[in-house]
Structure formats: structure tokens, C-alpha cells
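Peer 1: A structural model of the following input is requested.
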Amino acid sequence: MWFSHRTDSCGARGVRGGLWLLLALLAWGCGDGESSRLLDGDSSGGAGGEGAEGGASGSAAANDDRILPLEVGRTWTFQREVLDSSLPGECESPLEASVPFKVNLRGAEGYDYHPVCAVGVSYYTFIDGDDVWVYSTATNLGPESVLIYSQSPVEEGHSWKYSQSAEGTYVWHSEGEVTVEAGTFDRCWRRSVGEDAESYAILCRGVGPVLIHNVAGNFQLELTEKNF
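Peer 2: Below is the predicted model of the structure:
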């Protein structure tokens, strides 16, 4: 989930303002989404070929306090609001995020994540506690294309460089309890680019992103429903 306005010649596959770009969409090559799946020995379902039926049980979900709690079968539904009605807003669809199966890339097991706003690409996402890194299927999936979505420790003021090829940083700020259409959630954190307060994403433990405010894309997304 990174955000920033970007115009290129890649069409929909460029994912302008896509959820996974939350606050800083970085440039990447425009490849074919299917041929870019450079999985270890499997280009259709990742390690073990686990499908949506392999989703986490209710008890497992209740004990999951990760900042980005991906599991196969989970979905998140958002509603979109245009910030300035006199201007066009990005991210018209899709407004449901999902995790259809697991993947294995260079021996590491992760998730094939389909975020909101992303058309024609998905994001191979790898999680170790609060450390989360991703690769877009629009890239060659090489180590140089990794994007750091989240970094521990998740605490007030902690910052980190989100890409090897970019100078920008993300910063954590505590939000405490946050109420959106989907409910009231605690242990929430705002992730901004540097000290920029205008564009940000709010993530809550055990839930993931609940609010995404993108000034450059002229839209806000609010979580309305999740299936776990």
C-alpha cells in the first residue's frame, strides 16, 4: 500500500495511485503480469498451491496482531471519497483487496496480494512480524526492486528508507483508537512519507489498512468490511 501521483505510458498496469503504493509509488518497468511470475518451480499457485480455501480460522484471526495480517482467503472492502469534487479522483476500482494464494520467491514464502486500485498487477508480499517487504509483478522481481512497506520497531517517530533507489522515508506516528465504517480498532498507526502530514495510511494491528488519504490522487479510502 504506497501512494503518490504518477503518470507514465504503462496504462492500467502502471497502477497509478494503487493501494500498495500508499504514499510513494516508485517507478518500475511495465511487464506482462503473468510472465513476470518468476516463482521457484511454480507459476500458478506458489508454494504448495494453497488456494482461497486455505484461509485462517476464526481463532487464528483473533490472535493475529500483525500490522499487515495477510492470510490466504482474507478480503478487505473499501469505500472511496473524492477529496476535491471539482477535480477527478484516482482509484475508482477495484475497491476490494484479497489474498488468493501463497507464493515462493527465492526460497521465501509469501503472499500474492491483490490490493485495491491495482489493475493488472499484484504484489508478492513477505512478512516477518512487523517487517514487510513487497515486489510488484510489474517488475522483474529482482532484489533491487524490493519495496519496504513496514519496518520494526513500530513506534512513534521511527523512520526508514522505503526503497534502495529512492531517497524518501516512511515515518510511524501513533493514532491510538480509530473508528471507520468497518468498526472501531485500537493499536493503530499512521504511516506518512517523511514529515508530510497530508498523505498517509492508517494501519491497525490485526486489521491492516483502515484509512488511506491520498492528496496527490485526490481520494480517500475507508475500510467498510473485512471477512475475518
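
Peer 1: for this protein, which segments count as strands?
Peer 2: For the chain, strands defined by DSSP state E occupy the ranges 75-82, 96-105, 108-114, 123-128, 131-136, 147-150, 159-161, 169-180, 183-193, 200-204, 208-214, 219-226.

Peer 1: so which elements touch the fifth one?
Peer 2: Helices and strands in packing contact with strand 131-136 are listed as strand 123-128, strand 147-150; criterion 3 or more Cβ pairs under 8 Å, 6 or more residues apart in numbering; DSSP states H and E. All C-beta spots, glycine's among them, are computed from the backbone N, C-alpha and C.

Peer 1: on that earlier part again, nearest to Ala61, out of the strands of the chain?
Peer 2: Judged by Cβ to Cβ, the one of those that comes nearest to Ala61 is strand 219-226, at 9.3 Å.

Peer 1: mean confidence for that closest one?
Peer 2: Mean pLDDT, computed over strand 219-226, is 98.

Peer 1: turn the helices and strands packed on strand 131-136 into a markdown table, including distance to Val171 and mean pLDDT.
Peer 2: Below are those laid out as a markdown table (distance: least, Cβ to Cβ, whole Å; pLDDT from 0 to 100):
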| stretch | distance to Val171 | mean pLDDT |
| --- | --- | --- |
| strand 123-128 | 20 | 97 |
| strand 147-150 | 12 | 96 |
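
Peer 1: and those, which is most packed in?
Peer 2: Of these, the one with the most neighbours on average (mean count of other Cβ atoms under 10 Å) is strand 147-150, at a mean of 22.

Peer 1: thinking again about what came up before, in a markdown table: the helices and strands packed on strand 131-136, plus distance to Phe219.
Peer 2: Converted to a markdown table, these look like this (distance: least, Cβ to Cβ, whole Å):
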| stretch | distance to Phe219 |
| --- | --- |
| strand 123-128 | 19 |
| strand 147-150 | 20 |
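
Peer 1: could you check the distance from the residue sitting furthest away from the middle of the chain over to Glu175?
Peer 2: Largest separation from the mean C-alpha position in the chain: Ser86, at 28.0 Å (Cα atoms, centre = their mean). Relative to Glu175, Ser86 is positioned 29 Å away (Cβ to Cβ, to the nearest Å).

Peer 1: what of Tyr135?
Peer 2: Taking Cβ to Cβ, one finds Tyr135 at 28 Å from Glu175.

Peer 1: can you pick out the residue with more neighbours from these two?
Peer 2: More crowded of Tyr135 and Glu175, by other Cβ atoms under 10 Å: Tyr135, with 24 against 19.
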